[in-house]
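Undergrad: I'd like to go over a predicted model; first the sequence, then the structure.
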Amino acid sequence: MEKVAVVTGSSSGIGFETSLALAREGFFTYATMRNVKKADAIQKIANEESLSLKVLDLDVDNEESAEKAVKTIIQEKGRIDVLINNAGWGLWGTAEDVSLDEFREQFETNFFSVVRMIQKVAPTMRKQGFGDIVNISSVAGRIGFPVSTAYISSKFAVEGLSESLRFELGEFGVNVIIIEPGVIKTKFFDSMKTAKKADEGETYRDITQKVITGVKMMAEMGTPPKEVAQVIISAIKEEKPLPRYVVGNDAAMFLEAKKMKTDIEFENYLKKELYGE
Ligand SMILES: NC(=O)c1ccc[n+]([C@@H]2O[C@H](COP(=O)([O-])OP(=O)(O)OC[C@H]3O[C@@H](n4cnc5c(N)ncnc54)[C@H](OP(=O)(O)O)[C@@H]3O)[C@@H](O)[C@H]2O)c1
C-alpha cells in the first residue's frame, strides 16, 4: 500500500522542499498550507514530475481547519506514515519587549500547533503500530541568545515535548524525530515579525539592532532548504531514527562549542559570533 506523508507549512522553504522530496521518494504527500492560493509553484513541479502530491488547506493555528484536514486524509487514505510539523515563524524582541499576547501568538503556531497535530495524528499511528513524527525545531531549540526570546522559548518547548513523546509513543512503534537546522536560506527572516515595543522602545534598541544585523548576515550564507529535506528523508529511512538531526555547518559548530565549553565560556563565544563583542 502507498505510504502517506503530511507536511505542514508547505507553501515555501523547508516545507516546500520536504513535501517534494517525500513525493519523489514515493510517498503520497499531502502538502498542506494555510493559503492554498500559494499552491501554484509546488503544484507545477508535482505535475511536471508526475508526483503523488496533493495540496490541502491547513492553518495549524485553527482547530477546525486541522480537524478537517486530518479527517480528510484518514478518509481518503486510511493511514498516515509520516507527519512533518514544519509550519512556524519568528519574532524579534527581547523578553521585556514582547508582550504576553505576542508570546502567546508565537507559541500558538510554533508549539501548541505541534501538540495539536500530534494529538490528531497519534491515534492513527498508534493503531497502525508505526509512524514517524518529525518536529522541525532549530539550533535555537538548544541554544538561547538575545532578541528572539519568544521564538527560542517556543523551540525549546518543542524539544522538551519531543523528548517526552519519544518515550510515550515509542512504546507503540511510533518514532519521534527532532530536526535542528541552523540558518536556512528561506523567506523565514523576511517574514519575521517584530514585537510592537521593540520597534518603539529605547531600552534594547542597541542589542536588537546588533543581533538583527548579525543574524541577517548569517542568513545570506544560509544552508539551502533542500539539505534539510534530504536529512529528513535519510532519518525516516532509518529503522531506528536518532532523537535529533542537526542540519548545517553553522548549527553543528554552535552545538559542538556548547558541548565543549563551560556555560560562561559559551556565552562569551556566542556574543562574539553573533555581534562581535
Ligand atoms: N530558515 C531558518 O533559518 C530556520 C532555521 C531553523 C528552523 N527553522 C524552522 O523551519 C520551519 C520552516 O521555516 P522556513 O525556514 O521554511 O520558513 P518559511 O519559508 O517562512 O516557511 C514557513 C512556513 O510556515 C507556514 N506557516 C506559518 N504559520 C502557519 C500556520 N498558522 N498554519 C500553516 N502554515 C503556517 C508559512 O505559510 P505562509 O506562506 O502562509 O506564511 C510557510 O509555509 C519553521 O518551523 C522554522 O521555525 C527555520
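TA: That came through fine.
Undergrad: Residue numbers of this protein in contact with the ligand?
TA: Taking Cβ under 6 Å from any ligand atom as the contact definition, the chain meets the ligand at 8-9, 11-15, 33-35, 38, 59-61, 86-89, 109, 136, 138, 181, 183-184, 186-188, 191, 222, 225. Glycine gets a C-beta too; all of them are placed from N, C-alpha and C.
Undergrad: Weed out the non-buried ones from these.
TA: Buried subset of those (neighbour count, 16 or more other Cβ atoms under 10 Å): 8-9, 11-15, 33-34, 59-60, 86-88, 109, 136, 138, 181, 183-184, 186, 188, 222, 225.
Undergrad: and the residues you listed, which of them are in helices?
TA: 13-15, 188, 225 (DSSP state H).
Undergrad: Count the residues that sit near Leu22.
TA: 30 (other Cβ atoms under 10 Å).
Undergrad: between the ones in helices among the buried ones among the residues of the chain next to the ligand, which is nearest Thr72?
TA: Thr72 lies nearest to Gly15 out of these, by Cβ to Cβ, at 18.3 Å.
Undergrad: pull the CA atoms of stretch 32-49 into CSV?
TA: Provided in CSV are the C-alpha atoms of stretch 32-49 (Å, rounded to 0.1, in the frame of the first residue of the first chain):
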residue,chain,number,x,y,z
THR,A,32,-0.7,21.4,3.5
MET,A,33,-0.7,25.2,3.6
ARG,A,34,-2.9,27.8,5.2
ASN,A,35,-3.2,29.8,2.0
VAL,A,36,-3.8,27.5,-1.0
LYS,A,37,-3.5,30.4,-3.3
LYS,A,38,0.2,29.8,-2.8
ALA,A,39,0.0,26.3,-4.2
ASP,A,40,0.9,27.1,-7.9
ALA,A,41,4.7,26.6,-7.6
ILE,A,42,4.6,23.2,-5.8
GLN,A,43,1.7,22.0,-7.9
LYS,A,44,3.5,22.9,-11.1
ILE,A,45,6.6,20.8,-10.1
ALA,A,46,4.4,18.0,-8.9
ASN,A,47,2.6,17.9,-12.3
GLU,A,48,5.8,18.1,-14.3
GLU,A,49,7.3,15.2,-12.4
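Undergrad: Which residues does it contact?
TA: 6-12, 15-16, 19-20, 23-24, 31, 51, 53, 55-62, 65, 69, 87 (Cβ atoms under 8 Å, 6 or more residues apart in numbering).
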